[in-house]
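In: kindly return the folded structure for what I paste below:
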Amino acid sequence: MNIMTVGVDGGNNEVKLYGENGAMKFSSLIGEYRERKLESKFSEDDIVFEYNGRKGFAGTLAQFESEFSASRKGDSKAHEDFLLRVLIGLHRYAEETNFNIIVGQPINKHINSEKVKMRTLLTGSHEITVNDMKKDITIHRTEVAAEGATAFFSNTKSGLVRILDFGSGTVNAGTLYDGKYIDRDSFS
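Out: Now for the predicted structure:
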């Protein structure tokens, strides 16, 4: 069995994925489903999903065709919209159905209880249909990283390093010294 490792940022503006297939991103909007009489194609990111009895629009289709499209904001990402963003992203990213994933959690909520909630939410088997293609996705392992501050590891430096990550719903400020987090100087 092949297990693909993918980094997933289920952000409030865009869902971004990176793994062996390179980078991918799409609008993170989630909205209600409705029957359409006039079916226009807005972009490659027009998404109709079905998950756990819920049917809806996502991406550009949610932007143009849902009355209540939104992106849930807040310190914690342990909620169903985040799960949907991750699953839709994995579904679209690869033909594979077995994954290990790394996701970010804002620094203020990067605590054990929140990380356990995220692992519980994401890890396991999920049946999701995206644009009439059903997949049984299994997430074998979920790791939760400090949002924004982990950018340090893409370009390490010695000494004091401060990182600002401006997201659409959260701003994270991470401080590291020789690659070690300084909690006192890190916050969302």
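In: quick one: stretch 31-39 to chain centroid distance?
Out: The chain centroid and the centroid of stretch 31-39 are separated by 25 Å, computed with Cα atoms, centre = their mean, to the nearest Å.
In: and the average pLDDT for the lengthiest strand in the chain is what?
Out: Looking across the chain with DSSP state E, the single longest strand is strand 133-146. On average, the pLDDT along strand 133-146 is 96.
In: show me what contacts residue 143?
Out: 100, 101, 102, 103 (Cβ atoms under 8 Å, 6 or more residues apart in numbering). Just so you know, the C-beta spots here come from the backbone N, C-alpha and C atoms, and that holds for glycine as well.
In: partners of whichever strand or helix holds the second one in the sheet?
Out: With the criterion set as DSSP states H and E, the secondary-structure element containing residue 101 is strand 98-105. The partner list of strand 98-105 in its sheet, established with DSSP bridges, is strand 4-10 (parallel), strand 133-146 (parallel).
In: can you redo the ones you listed as TSV with distance to residue 46?
Out: Output for those, formatted as TSV (distance: least, Cβ to Cβ, whole Å):
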stretch	distance to residue 46
strand 4-10	19
strand 133-146	14
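In: winner for burial among these?
Out: Comparing the strands paired with strand 98-105 by mean neighbour count (mean count of other Cβ atoms under 10 Å), strand 4-10 ranks first with a mean of 20.
In: immediately after that strand, which helix or strand?
Out: strand 14-19.
In: low-confidence regions, the chain specifically.
Out: By pLDDT under 70, the weakly predicted segments of the chain are 69-76, 78.
In: quick one: the strands in it, in order.
Out: Using DSSP E, strands in the chain cover 4-10, 14-19, 22-27, 30-32, 46-51, 54-58, 98-105, 124-130, 133-146, 160-166, 171-177, 180-181.
In: of all those strands, which one comes closest to residue 67?
Out: Closest of those to residue 67 is strand 30-32, at 6.7 Å (criterion: Cβ to Cβ).
In: before we move on, the earlier item: what's the strand holding residue 101 in contact with?
Out: Residues outside strand 98-105 that contact it (Cβ under 8 Å, 6+ apart) are 1-10, 76-77, 86, 90, 114-115, 118, 122, 137-148, 150.
In: what about residue 33, distance to residue 59?
Out: Separation of residue 33 from residue 59 (Cβ to Cβ, to the nearest Å): 13 Å.
In: and for residue 131?
Out: According to Cβ to Cβ, residue 131 and residue 59 sit 10 Å apart.
In: which one's more surrounded, these two?
Out: Between residue 131 and residue 59, counted using other Cβ atoms under 10 Å, the more crowded position is residue 59 (27 against 13).
In: could you verify my assumption that the more buried one touches residue 27?
Out: Yes - with contact defined as Cβ atoms under 8 Å, residue 59 counts as touching residue 27 (4.6 Å).
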